[in-house]
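Engineer: Show me the folded form of this:
(one chain, ligands or ions: 2)
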Amino acid sequence: MKKIIILLLFLFILIDKVYFIHSFENQNENENENQYQDQIKNQKNNSFTNSDYWLERYLLKSSNPSNKSNFGNSVSISDDFIAVGSPYKTIGNSTSQGEVNIFKFNGTNWNNYQTIIASDGESNDLFGFSVDLYNNYLVIGAYEADVGNNTDQGKAYIFRNNGTQWNQEAILIASDGEAYGRFGFSVGIYNNSVIIGSFSPTLYENHIKNSAPNPNSNPKEKAYIFRNNGTQWNQEAILTSKDPQGSLFGYSVDIYENYSVVGEYGATVGSNMYQGKCYVFKFNGTNWNYDQVLFADDGNSYEEFGFSVSIYGDYIVSGAIYAKVYEIYSQGKAYIFYNNGTSWNQNCTLIASEGDEDEDFGNSVDIDQDNIIVGAYFADANDNSQQGKAYTYTRNGSEWIETGILIASDGESGDTFGTSVSISNDFAVIGAPKTNFDNLTFAGKAYIFEKLLIPDKVIIVNCTPLFSEFECCWEKKNLIYEKFQIKYDQEWINVGYQIEDTSTVCENFDGFFYPNITGNEFYSIQIRSCNLTYEICGEPSDKLNLTTQVDTVQDLNFISSTYYINISWTHPDVPIINSIPKLDHYMILYYLENDPSNISNISISNSSNSYILNGLKPVSNYSITIYGCISLECEGKDQGENITNTVTTSPGLIDNLECYVYNISNVNCTWTKSEYNQTTNYLVIYQSNLLDDFGNFTVIDISTNFTVKYSNMNYSISVSACDEYSNCGLENTEYISTNPLKAPSIRGTIGGIEEISIIFSKVEYSEGYIISIDNGINWNNLSELIINENSCEGRQTNIEGNEEQSVCIRACSENTCNEIVSGITSECENVTAKLGYLKTFECNKIKNGFKCNWETDNLTSGLKNFSLSYDSQEICLSPNERSYQDTNLSGKEYTITIFESAGVNCSYSSYSGPSSSREVSTENSQSSSKSLSTGAVVGIVIAAIIVVIVTLIIVIRKKYYSRRRGYREVRLKGINEVSDDDSDGLY
Ligand SMILES: *[C@@H]1O[C@H](CO)[C@@H](O)[C@H](O)[C@H]1NC(C)=O
Ligand SMILES: *[C@@H]1O[C@H](CO)[C@@H](O)[C@H](O)[C@H]1NC(C)=O
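Structural biologist: Numbers count the residues shown, from 1 in each chain. Ligands and ions are numbered 1, 2, ... in the order given. This is a model prediction of the structure:
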């Protein structure tokens, strides 16, 4: 009776005009992707026993979830595509018309790709009740589609992927279809052939009532083969059972190459009603013929073998959902049949490792390559009734090993996870059409689990302790892993990727790359291999203990002298406890290189880090080895790593080095003879503290005189004793300062036109002089310098006229001076230069007069006004004026003279500049105009003679200044003849 109730219960779900009433509370789910990711993370742990691990990775939902659409009622995966059917989806106003969602894997994610509906879909077609994908073909069953006037005759649709989208390519209809034929209840596809089951639940219902098929009725259930001949899909065969009508042939179908298999779970085997069968058909190139009928060799009544079926290669798997397992009813089994070339033989029976009563293990099955998945959609999980589970199996030779129990991380009671299943080599897809979320009932989900390899336990071959490092080698078991990890009493750390294809991996762990590794330290090591992308690691190796050896001492340094070598070092890389390194002592071994048999050894406290080897031979090579030791002997395997150097003793220090400076930069040094009796000469090295005056030379004597470059500078002078092979000993150093140059004394200053001249005393040892015209603040080389026997004459141009300057002078020890190498500043003297020439001065005749324009140079800040005179008038113009005109003149010649003036009201002072004159012949507009009077001509001639004489005197007196600016002569053509005239006359 119980069987019957279960069957009835199942029937309700199957026919689905009435929804299964869930016993669980419909929680108000607030799902979001993060929560989901957190949940699936929680499933990770580090203790796996299987070599495969199926990790829940993706959750699929309809792009437009809706109430009671039963997304996940059917699923199929092939390559990068997954098809999920929602047969009860309302499309427009059509309830239960159904749709199929396509998802595509982009390498990291499964994304919604396309939603498919039938071109001619109608209400209650249940399009998507069954789906099967193979490469770029997708077959979809719509078993309640009406055909013409035939209610529920059923249709199947072929969709093809053209590379960018899936398009409907054909609608398959049974050639002999009838009402309620329910063609498309089950579908299968392989390459260009499909199989469609035509199964009528009405018949099933009748037989529940009648208990068994009527043995006298002819079979009415069928399966159809269609094949694409390259242009269209044609019906190729109609497959039928040999059992009477009502045996439910066609409830499940599948096809692979030349074999197709049709489940018939209502078949009677012997006297066992509903034990179930599978029919295998074989295509001989023309016809599909009966090949074999399969049934479970341990089958019982009402176990319903053939409820689900799948074929791949030489294997067929079929579920018997109500199979009894030991004394547990309706736990379910799946049977595997193997084709040995002549016949199909029962190969193995799959039983859920966590199976229980009424779980219906085997309600769905799929096989692909070496993977099988079996659904148990009524299994309880996490105390949730009928949440559902799926089991995965992997073939190992002739055995099929359970490799995963797949449970949805967010599952709830009544989800029926496992209603549909599909597997590929990397992914398993499981439909859960009765899941509720977002307040939607039976919106449905599908879950994708990814197959990952659990790395095997690592077997350490050996770990060798070295100096603050160790090397470990371990066996590499499975080749697929991402990284190894090592743990040495620490966190797990990653140690490199899979690279070499050898069976043993060796890795050197040295303290440089793994700073937690030091010398003379105990380590307990474990290694494991991991798939780090998913943080899945295999079982760690057994622990291996070792103690690293003492590392080499560091920063070894030697100071050698005549009879000793001072050795210093820093502690090796070992733990330092209370500033004492973790080792017993240091040991130094040393010997004369030409006498290696005569080794001396010295033990030194572990807290020391320097030692002086005494009583050595001068200028000899010593081999010196130092160890950090962790045994008293510091020999054999416990010794630390040694470091050996060859050090040569030196001829030693010279004594009593004394140096002094005489004059400005002459140096005298003396010292006493070196005690080393093979000294042949002495090396003298001198160097200034700031500038690059340095040099070295050897002397045989024990004194030397030499001259350094700079005055007023600090020098170091080092002297060391050397032998004939240029082995020199430690240097002895003296420091001296060279003397500053004396201050010159100023003997006179003269202010010239925008320049000053200075005469000053010559300073002994000097080679040059620099001048300051701002009271010693800034210093420059002189514009011109003449060094006489006892005095010097300098000239500095570009000096502002009519400005008092405080002029100072310094001597330098170099030709080109700068402040660093200069001596003491002289007393400063005040001097004022005169204003300069106008830069331009032009006068032109204009109507009834003339007009003059002029410009000054840049050094005119001392300018007070311009003094302009002509025709015995003197005009005083402000410093801003740059032109002057007079138009009240009669036609005659005028001489116009102008100069810059420093005086008040144009008065001529000693700081005024030299004048410039222009002659202008104004227009003779009136008949009364006349040329210059005789008296004027005589006056001009006399004036010109005076000017020539004065100029001559000046030229003679200024023989040193012949290159003065302003002595240019400019002659303009025409009436504007110009003669620049230096008429200062004051020098
Ligand atoms: C749905 O039904 C309504 C009312 O019967 C009708 O107006 C509307 O056009 C229908 N929509 C579709 C998509 O068939
Ligand atoms: C795959 O799709 C996801 C979104 O679902 C996206 O974040 C990711 O960048 C895609 N990867 C590639 C390789 O396109």
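Engineer: can you list the residues of this protein near ligand 2?
Structural biologist: Residues of the chain lying close to ligand 2 by C-beta under 6 Å from any ligand atom are 106-109, 111. For glycine as for every other residue, the C-beta is placed from the backbone atoms N, C-alpha and C.
Engineer: Tell me the buried residues within those residues.
Structural biologist: Neighbour-count burial within these applies to none of them; the criterion is 16 or more other C-beta atoms under 10 Å.
Engineer: Those in strands, which ones?
Structural biologist: residue 111 (DSSP state E).
Engineer: and the residues of the chain next to ligand 2, which two are the farthest apart?
Structural biologist: With C-beta to C-beta as the measure, no two of the residues of the chain next to ligand 2 lie farther apart than 107 and 111, at 10.7 Å.
Engineer: Skip the chain neighbours and tell me the closest residue to residue 650.
Structural biologist: On the basis of C-beta to C-beta, 6 or more residues apart in numbering, the spatially nearest residue to residue 650 that is not a chain neighbour turns out to be residue 729, at 4.0 Å.
Engineer: For the protein, give me the ranges with low pLDDT.
Structural biologist: Counting by pLDDT under 70, the low-confidence segments of the chain come to 1-52, 201-219, 477-483, 496-502, 532-535, 632-633, 635-639, 652, 924-987.
Engineer: could you pull out the helices for this structure?
Structural biologist: Secondary structure of the chain (DSSP state H): helices at 2-15, 33-42, 201-210, 934-957.
Engineer: isn't residue 421 right up against residue 375?
Structural biologist: Yes. Counting by C-beta atoms under 8 Å, residue 421 does reach residue 375; the two are 4.6 Å apart.
Engineer: shared neighbours, these two?
Structural biologist: 364-365, 390, 430 (C-beta atoms under 8 Å, 6 or more residues apart in numbering).
Engineer: got a winner among those for most neighbours?
Structural biologist: residue 390 (35 neighbours; other C-beta atoms under 10 Å).
Engineer: and the residue of the stretch 201-350 of the chain nearest ligand 2?
Structural biologist: Closest approach of the stretch 201-350 of the chain to ligand 2 (C-beta to the nearest ligand atom) occurs at residue 312, with a separation of 28.9 Å.
Engineer: ok, now which ones touch the closest residue to that residue other than its chain neighbours?
Structural biologist: Spatial nearest neighbour of residue 312, excluding adjacent residues (C-beta to C-beta, 6+ apart): residue 367 at 4.3 Å. If you count contacts by C-beta under 8 Å, 6+ apart, residue 367 has them with 310-312, 315-317, 423.
Engineer: any idea how far residue 367 is from ligand 2?
Structural biologist: If you measure residue 367 against ligand 2 using C-beta to the nearest ligand atom, to the nearest Å, the figure is 29 Å.
Engineer: got it, and residue 404?
Structural biologist: As it turns out, when the distance is counted by C-beta to the nearest ligand atom, residue 404 lies 25 Å from ligand 2.
Engineer: what about the strands in the stretch 501-650 of the chain?
Structural biologist: 504-510, 522-531, 536-537, 544-547, 554-560, 565-570, 576-577, 580-581, 585-592, 600-605, 610-613, 621-629, 643-648 (DSSP state E, counting those that start in this stretch).
Engineer: which helices and strands sit right next to the second one?
Structural biologist: Here strand 522-531 is seen to pack against strand 459-465, strand 469-475, strand 483-488, strand 536-537, strand 544-547 when contacts are counted using 3 or more C-beta pairs under 8 Å, 6 or more residues apart in numbering; DSSP states H and E.
Engineer: So what are the sheet partners of the shortest one and their directions?
Structural biologist: By that I understand strand 536-537. Here the strand partners of strand 536-537, with direction, are listed using DSSP bridges: strand 522-531 (antiparallel).
Engineer: what residues go with each domain of this structure?
Structural biologist: Using automatic domain parsing, the domains assigned to the chain come out as 52-453, 460-547, 554-648, 655-737, 746-832, 840-921.
Engineer: tell me the most buried of those domains?
Structural biologist: Looking across those with neighbours counted as mean count of other C-beta atoms under 10 Å, the highest average goes to domain 52-453: a mean of 21.
Engineer: Run the chain-centre distance for stretch 372-380.
Structural biologist: Relative to the chain's own centre, stretch 372-380 is displaced by 46 Å; criterion: C-alpha atoms, centre = their mean, to the nearest Å.
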